[in-house]
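>>> Predicted model and sequence below, questions to follow.
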Amino acid sequence: MTSPERPGPAGPREREDEAEAARLPAARRPPGEPERPTPAAPAPEAPAAPEAADEREPAADAPPADEPVHPDGGPPDAGAPDPAAATGARLLLAALWPPRATRGQLVAAALLFVLGLGLAIQVRAAGSDDTALRGARPEDLVRILSDLDDRTARLEDEKRQLEAQRTELETSSDQAEEARRQNEERERRLGILAGTVAAEGPGVMLRIGDPLGAVGADMLLDAVQELRAAGAEAIQINEVRIVAETAFTDRNGGVRLDGEPVSAPYVVRAIGRPQDLEPALNIPGGVVQSLENDSASVSVERPERITVDALRRAEQPDYAQSSP
């Protein structure tokens, strides 16, 4: 029995033929010739390792070295702190603290602070009047409006009188005599205001009874201020003439006017237009209502004539002299 032939080891020539046949395309192989297995090419030698790890070229799809990489391989987290921003914040903090202000900068800052404080105070003071009016009661607003109307009427009357005096001076045949007469009239009017001359005319009389002793100097001063605002030209309380510099004080349980004691009942005489003086006292929330709230008895009378005969001593100035 004959044993099958075993192929022996291929020689060099046969190996070259097999490699050439593997390189040929299938169309150029002879028909019927089976495809021969391609011998494994010898493994190439491994390239020498680079001298340093940082000399390797990054892969094409690898992210830049300075760009943070998400742990899951996705895009960086938007909420993660930015190293560049943190570095900028540290630089800014280092530039601002500790402060390195010069003397000129400190002086400029102090001046700006003082200027801002002054502007704030001025704005607040300018708006204080409007704030007071917005928070006032309706009766207070009515009283303020009435006082403004009365003051406007008095100023218009004074303007007409001055214009009439000028006309008389310009048209008078004896201007010197007319000037003397006007000076005497002005002196009389100023004497009434200063309290050195007695006065008589229409007006009102205010009687204040104080059985409980609750009326103080401040209440009498409020009454005088209301009468002055309404146009009173001469005022007297009991036997004391009231002028611009009269002092109202409380002492030893009583009221003193310019150091002189006065007691209840207080009688206030005021010369002026009665149609203006009486409503100013009886206005809601005014003097009469305030005194009645303190258990004082108050009455307002309007006689035909009011006499103010209490006088003040005319004081001569020590240094001031009249100029020609």
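Alright, I've got the coordinates.
>>> count of neighbours near residue 243?
By other CB atoms under 10 Å, 15 other residues sit near residue 243. Placement of C-beta: from N, CA and C, glycine included.
>>> nope, residue 148 is what I meant
11.
>>> Can you tell me how far it is from residue 155?
Applying CB to CB, to the nearest Å, the value for residue 148 to residue 155 is 11 Å.
>>> and the helix or strand residue 104 falls within, what does it pack onto?
Residue 104 belongs to helix 103-134 when assigned by DSSP states H and E. Contact here means 3 or more CB pairs under 8 Å, 6 or more residues apart in numbering; DSSP states H and E; on that basis helix 103-134 packs against no helix or strand.
>>> which stretches of the stretch 101-250 of the chain have low pLDDT?
101, 126-133 (pLDDT under 70).
>>> next helix or strand past the helix holding residue 104?
Next in sequence after helix 103-134, counting helices and strands by DSSP H and E, comes helix 138-171.
>>> and the next element down the chain from that next one?
helix 175-194.
>>> tell me what that following helix is packed against?
helix 138-171.
>>> residues of the helix it packs on that come out buried?
140, 143, 146-147, 150, 154, 165 (16 or more other CB atoms under 10 Å).
>>> Show me what that helix is packed up against.
If you count contacts as 3+ CB pairs under 8 Å, 6+ apart, helix 138-171 packs onto helix 175-194, helix 217-229, helix 274-282.
>>> Okay, now the sheet partners of whichever helix or strand comes after the longest one, with direction.
By that I understand helix 175-194. Remark: after helix 175-194, the chain's next helix or strand is strand 199-201, criterion DSSP H and E. Sheet pairing here is set by DSSP bridges, and for strand 199-201 it gives strand 306-308 (antiparallel).
>>> which one is residue 266 nearest to, not counting chain neighbours?
Leaving aside its sequence neighbours, residue 266 sits nearest to residue 208 (CB to CB, 6 or more residues apart in numbering; 4.3 Å).
>>> Could you tell me whether the one you found really is in a strand?
Yes. Counting by DSSP: H, G, I helix; E, B strand; the rest coil, residue 208 falls inside a strand.
>>> So that it lines up with my notes, have the first residue be 56 from now on.
All set: I'll call the first residue 56, so the last point we hit is now residue 263.
>>> Quick check: it vs residue 270, distance?
6 Å.
>>> overlap in contacts of those two?
Residues touching both residue 263 and residue 270 (CB atoms under 8 Å, 6 or more residues apart in numbering) are 319, 321, 346, 351.
>>> Now, these that are in strands?
residue 321 (DSSP state E).
>>> out of the shared contacts of residue 263 and residue 270, who has the most neighbours?
residue 346 (24 neighbours).
>>> quick one, what contacts that residue?
Contacts for residue 346 (CB under 8 Å, 6+ apart) come out as 263, 270, 274, 353.
>>> how about the residues you listed in JSON lines, adding neighbour count and distance to residue 242?
Converted to JSON lines, the contacts of residue 346 look like this (neighbours: other CB atoms under 10 Å; distance: CB to CB, whole Å):
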{"residue": "263", "neighbour count": "21", "distance to residue 242": "34"}
{"residue": "270", "neighbour count": "22", "distance to residue 242": "36"}
{"residue": "274", "neighbour count": "19", "distance to residue 242": "34"}
{"residue": "353", "neighbour count": "21", "distance to residue 242": "36"}
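>>> Relative to residue 149, which of those residues is nearest.
residue 274 (68.9 Å; CB to CB).
>>> Find the residue closest to the closest one in space, skipping its chain neighbours.
In this structure, residue 274 finds its nearest non-sequential neighbour in residue 346, 6.2 Å apart by CB to CB, 6+ apart.
>>> Roughly how far does that neighbour sit from residue 359?
Distance check for residue 346 against residue 359: by CB to CB, it reads 25 Å.
>>> again, but for residue 253
17 Å.
>>> Comparing these two, which shows the higher neighbour count?
Neighbours per residue (other CB under 10 Å) separate residue 253 from residue 359, with residue 253 holding more: 15 against 7.
>>> residues touching that one, list them.
Neighbour list for residue 253: 362-364, 366 [criterion: CB under 8 Å, 6+ apart].
>>> Give the buried subset of those as a PyMOL selection command.
The buried residues among the contacts of residue 253 can be selected in PyMOL (16+ other CB under 10 Å) with this line:
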select buried, resi 363
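>>> mind putting the contacts of residue 253 in TSV, pLDDT included?
What follows is these, written out as TSV (pLDDT from 0 to 100):
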residue	pLDDT
362	92
363	93
364	90
366	88
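>>> of all the contacts of residue 253, which comes closest to residue 303?
Lowest distance from residue 303 to these (CB to CB) belongs to residue 363, with 17.9 Å.
>>> Enumerate the beta-bridge partners assigned to the closest one.
Applying DSSP bridges, one finds that residue 363 bridges with residue 254.
>>> How about the contacts made by it?
Here residue 363 is in contact with 253-255, 289-291, 296, 324, 326 (criterion: CB under 8 Å, 6+ apart).
>>> Residue 329 too?
Residue 329 neighbours (CB under 8 Å, 6+ apart): 257-259, 357.
>>> List only buried entries from those residues.
258-259.
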